[in-house]
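Novice: Just need the structure, nothing else, for what follows:
(one chain, ligands or ions: 3)
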Amino acid sequence: MADLFSTLDDAEPTRPDVAGQAPASPQPVPAPIPTASAPVAHEPKVELATHASTATAAATGYSASSIEVLEGLEPVRKRPGMYIGGTDERALHHLFAEVLDNAMDEAVARHAKLITVDLDADGFLSVRDDGRGIPVDPHPKHPGKSALEVVMTVLHSGGKFSGKAYETSGGLHGVGVSVVNALSDQLDVTVWRDGFEWRQSFSRGLVQAPIQQVGPSKKKGTRIRFHPDEQIFGVGAAFKPARLYRMARAKAYLFRGVEIKWTCAPERITDATPAEATLHFPGGLADALAERVGELETVTPVFAGRAERKGEAGALEWAVTWSPIGFGDADSFIASYCNTVSTPDGGTHEAGFRSALVKGLKAYGELTNEKRAAQITAEDVIANAGAMISVFIRNPEFQGQTKDRLSSPEGQRLTEQLLRDPFDHWLTESPKQANALLGFVIDRAEDRLRRRKDKEVQRAAATRKLRLPGKLSDCSRQSAQGTELFIVEGDSAGGSAKQARDRTTQAILPLRGKILNIASATADKLRQNIELSDLALALGVQPGSRFNIEDLRYERIVIMTDADVDGAHIAALLITFFYRAMPETIRQGRLFMALPPLYRISAGPLSEYARDDAHRDELLATVFKGKKVEIGRFKGLGEMMASQLKETTMDPKKRTLARVSLPDSEEEIEDLVERLMGRKAEARYQFIQENARFAVADLDV
Ligand SMILES: Nc1ncnc2c1ncn2[C@@H]1O[C@H](COP(=O)(O)OP(=O)(O)OP(=O)(O)O)[C@@H](O)[C@H]1O
Ligand SMILES: [Mg+2]
Ligand SMILES: [Mg+2]
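Specialist: Ligands and ions are numbered 1, 2, ... in the order given. Coordinates of the predicted model:
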């Protein structure tokens, strides 16, 4: 062993740190420490090492021959995840992003004006631009190969490393199109350049034939036509026109100097995606945001603009607005881009954006003597903002090849720098909108501070007297009067409910999974059920004989589950639990069911929620009669936005609750419980389906 170690030291004679860490003196070295110039001492040891590793190899099957070096594009096919983030639908569409990014780089460098995207009937996707065309002359470092072939088959080959051929490009690794090539069962490149048309074809990254000069041509540009490999993406994997169209459209908004022509074989389209479209948006991000915001009422008009750095490359375009009720499917959003590459995970440019907004608002607060502005944080500014930002910088750094997050510090510096002045101007220019925005953001800050305080009070209260379950989000009011506990199915619905509630009077307790089937459970089992004992804790009562309605910590108990069969089952279990363990809650009319809607029906600006199929049909026949409607079905509470949940189900001013009541005779009750809870799953399922809204729930509040 000792010999082996010294051999390892020998192997790195140039590493000073290793030499420095050699055992301290005194060193009774039997032989001189071998160096590179002492081959005699060296040799036998190398042999020994070989010997030793062979012995290990025999035992483990792991030796030098186990270490593979993947050649050419093999690594891409072996580990696609590293290059395109997986092999799922998102990864598949990333192939399009790579090819489109390259065409867009040509456009942003002002060499191309027109990009054509076409998905044909056979599932081949073509992206063509009228730029300079990928160079086709022989590559100096790869004899016998054209630059085109090198670009297509060699990783880390490209014209975007030096900044000479492109100034601010989305491409930077020299990997993108070669990865697309590796993962396509067929890929054909056509280049028009220097008076000729050239072609070359590949399959799974391998050249099918040498580059071919097809004939003279006056055109210029590049076309990449490819078909994703089913061996990689799975049989039947295919591009989704809607997704491609959305990506192309988003791209066109990012550079007004480009026009994207979209065509798609009609037989591939299954939704409202157009078969043909010309995408050209001189209004840029301001238009993109206006379209996304639509008719929503906003706190201020859209704040949008563009700025460039003087003297060196670097530009910013932005558009932002604030909506008190969120933006359809989210309370806030930022769509960010760097060099036209979408960065869904954000990064430094978003940080710079937030920081410019916070600093600007705080400065404006100081200017107008609004002291409360001092407490604003980025969280408050962004909480209800809808924003789009696009930066152009030199040599950006992203995380990974899919470029989901921008990591160059330059992103923050540039964004903050270029946004500060215009934002300050915008604020001071129109005090009316500035004050509206500042007031709105201060409200958010105060909400946040109140929440924090609530939490502290809650915690203090919990340690002072009762032991409350950790997942309970209690309301801040101490007395029971006017308060409600919402028992919610699952953590995600719990999250939405927490956002949607009125913190003063509404408490939320999420329950996980299906609770125990009470009707058939023994008393012991019942006590052991954590979800149920948490529920009793939250209510402040003891189930069973020691129950005292005076202990109830809330005026109302509201069961809020999804409007589906599973939700109905959970609700049935809970009602039975209350009936068995604390029937007084029902007798005194303190137990309720929330009635979340199942559908959202809209036609233009008009929208209504429907509780169930019957309600939906009724609305369609009345309010929406003769209108072209869109019907959305909520899969669960967790899917609803906080604002929707509040409006439809939780806000005492707008919601409907159903009070749980008991049938008159004991007999009927037992029959109902037996049907709902008994061991006969069949009977229960049928009953719940027939009575999805519950026979026991009958009274509106
Ligand atoms: N449409 C095009 N027009 C002109 N040149 C192109 C085009 N597409 C690719 N190229 C050339 O091929 C090179 C390699 O493209 P590839 O997508 O593999 O890498 P990249 O764009 O440099 O970096 P990234 O891996 O970040 O995309 C580019 O740098 C560019 O020089
Ligand atoms: Mg590229
Ligand atoms: Mg390459």
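Novice: low-confidence ranges in the protein?
Specialist: Along the chain, segments meeting pLDDT under 70 span 1-58, 455-467, 513-528, 664, 674-701.
Novice: Break it down into its structural domains.
Specialist: With domains defined by the TED database, the chain comprises 74-278, 283-452.
Novice: how near is the closest residue in space to residue 221 that isn't next to it in sequence to residue 225?
Specialist: Nearest non-adjacent residue to residue 221, counting by CB to CB, 6 or more residues apart in numbering: residue 130, 4.2 Å away. (Each C-beta comes from the backbone N, C-alpha and C, glycine too.) Residue 130 sits 16 Å away from residue 225, going by CB to CB, to the nearest Å.
Novice: cool, and residue 608?
Specialist: Applying CB to CB, the value for residue 608 to residue 225 is 47 Å.
Novice: can I assume residue 641 is in contact with residue 331?
Specialist: Yes. Taking CB atoms under 8 Å as the definition, residue 641 is a contact partner of residue 331 at 6.8 Å.
Novice: distance of residue 661 from ligand 3?
Specialist: Distance, residue 661 to ligand 3, by CB to the ion, to the nearest Å: 71 Å.
Novice: where does the closest residue to ligand 3 within the chain land in three-state SS?
Specialist: Proximity of the chain to ligand 3 (CB to the ion) peaks at residue 178, 3.5 Å away. At residue 178, secondary structure determined by DSSP: H, G, I helix; E, B strand; the rest coil is helix.
Novice: Tell me if I'm right that it and residue 148 touch.
Specialist: No. Using CB under 8 Å, residue 178 is not in contact with residue 148, being 11.3 Å away.
Novice: okay, these two: which has more neighbours?
Specialist: residue 178 (26 against 22; other CB atoms under 10 Å).
Novice: Show the contacting residues for the more buried one.
Specialist: 73, 76, 151-155, 157, 205 (CB atoms under 8 Å, 6 or more residues apart in numbering).
Novice: can you do 7 Å?
Specialist: Residues near residue 178 by CB atoms under 7 Å, 6 or more residues apart in numbering: 73, 151-155.
Novice: for residue 419, same thing?
Specialist: Neighbouring residues of residue 419 by CB under 7 Å, 6+ apart: 316, 318, 353, 356.
Novice: Looking at the protein, which strand is longest?
Specialist: The longest strand of the chain (DSSP state E) is strand 184-193.
Novice: How about this protein, which of its residues are in the neighbourhood of ligand 3?
Specialist: Counting by CB under 5 Å from the ion, the chain comes close to ligand 3 at 157, 174, 178.
Novice: What distance do you get for the residue in the chain positioned nearest to ligand 1 to residue 155?
Specialist: Here the residue of the chain nearest ligand 1 is residue 171; by CB to the nearest ligand atom that distance is 2.2 Å. Residue 171 sits 13 Å away from residue 155, taking CB to CB as the criterion.
Novice: what's the following helix or strand after the host helix or strand of residue 246?
Specialist: Using DSSP states H and E, residue 246 maps to helix 241-254. As assigned by DSSP H and E, the chain's next helix or strand after helix 241-254 is strand 259-264.
Novice: Show me what the longest helix along the chain is packed up against.
Specialist: Across the chain, the helix with the greatest residue count (assigned by DSSP state H) is helix 431-464. Helix 431-464 sits against helix 348-367, helix 378-382, with contacts defined as 3 or more CB pairs under 7 Å, 6 or more residues apart in numbering; DSSP states H and E.
Novice: quick one: what helix or strand has residue 105 in it?
Specialist: Assigned by DSSP H and E, residue 105 falls within helix 89-108.
Novice: Name the residues that touch that helix?
Specialist: Residues from elsewhere that reach helix 89-108 (CB under 7 Å, 6+ apart): 80, 84-85, 112-113, 115, 125, 127, 129, 131-132, 166, 168-171, 176-177, 179-180, 183, 224, 228, 233, 237, 239, 243-244, 247-248, 251, 255, 257-258, 340-341, 402.
Novice: Out of those residues, which end up buried?
Specialist: The neighbour count (16 or more other CB atoms under 10 Å) marks 80, 84-85, 112, 115, 125, 127, 129, 131-132, 166, 168-171, 176-177, 179-180, 183, 224, 228, 233, 237, 239, 244, 247-248, 251, 255, 258, 340-341, 402 as buried among the contacts of helix 89-108.
Novice: near ligand 2, which of the residues you listed show up?
Specialist: The subset of these within reach of ligand 2, by CB under 5 Å from the ion, is 171, 176.
Novice: give me every residue that touches residue 262.
Specialist: Contacts of residue 262 (CB under 7 Å, 6+ apart): 117, 245, 248, 276-277, 279.
Novice: how about the strands in the stretch 601-701 of the chain?
Specialist: Taking DSSP state E, counting those that start in this stretch to define them, one finds strands in the stretch 601-701 of the chain at 606-610, 630-633, 657-660, 697-700.
Novice: Among those strands, which comes closest to ligand 2?
Specialist: Among the strands of the stretch 601-701 of the chain, the nearest to ligand 2 by CB to the ion is strand 630-633 (37.4 Å).
Novice: Mind giving me the packing neighbours of that closest one?
Specialist: strand 599-603.
Novice: tilt between the strand it packs on and strand 606-610?
Specialist: Put simply, strand 599-603 runs at 160 degrees to strand 606-610, going by axes from the mean of the first three to the mean of the last three CA atoms, to 10 degrees.
Novice: Would you mark the buried spots in strand 599-603?
Specialist: Quick answer for strand 599-603 (16+ other CB under 10 Å): 599-601, 603.
Novice: and what of stretch 479-493?
Specialist: Under 16+ other CB under 10 Å, the buried positions of stretch 479-493 are 480, 483-490, 493.
Novice: Now, those that are in helices?
Specialist: Those of the buried residues of stretch 479-493 lying in helices (DSSP H): residue 493.
Novice: farthest pair in the buried residues of stretch 479-493?
Specialist: Taking CB to CB as the measure, the buried residues of stretch 479-493 span a maximum distance of 26.1 Å, between 480 and 490.
Novice: Tell me what angle the helix holding residue 246 forms with strand 259-264.
Specialist: Using the same axes, to 10 degrees: helix 241-254 against strand 259-264 is 170 degrees.
Novice: for helix 241-254, packing partners?
Specialist: Against helix 241-254 (3+ CB pairs under 7 Å, 6+ apart) you get helix 89-108, strand 114-119, strand 259-264, strand 276-279, helix 284-293.
Novice: which of those is buried the deepest?
Specialist: helix 89-108 (a mean of 23; mean count of other CB atoms under 10 Å).
Novice: Tell me which residues of the helix or strand hosting residue 427 come out buried.
Specialist: For residue 427, the host element (DSSP H and E) is helix 409-429. Neighbour-count burial for helix 409-429, with 16+ other CB under 10 Å as criterion, is recorded at 410-412, 414-416, 418-420, 422-424, 426-427.
Novice: and these as JSON lines, adding distance to residue 368?
Specialist: Below are those laid out as JSON lines (distance: CB to CB, whole Å):
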{"residue": "410", "distance to residue 368": "33"}
{"residue": "411", "distance to residue 368": "31"}
{"residue": "412", "distance to residue 368": "27"}
{"residue": "414", "distance to residue 368": "28"}
{"residue": "415", "distance to residue 368": "25"}
{"residue": "416", "distance to residue 368": "22"}
{"residue": "418", "distance to residue 368": "24"}
{"residue": "419", "distance to residue 368": "20"}
{"residue": "420", "distance to residue 368": "18"}
{"residue": "422", "distance to residue 368": "19"}
{"residue": "423", "distance to residue 368": "15"}
{"residue": "424", "distance to residue 368": "13"}
{"residue": "426", "distance to residue 368": "14"}
{"residue": "427", "distance to residue 368": "9"}
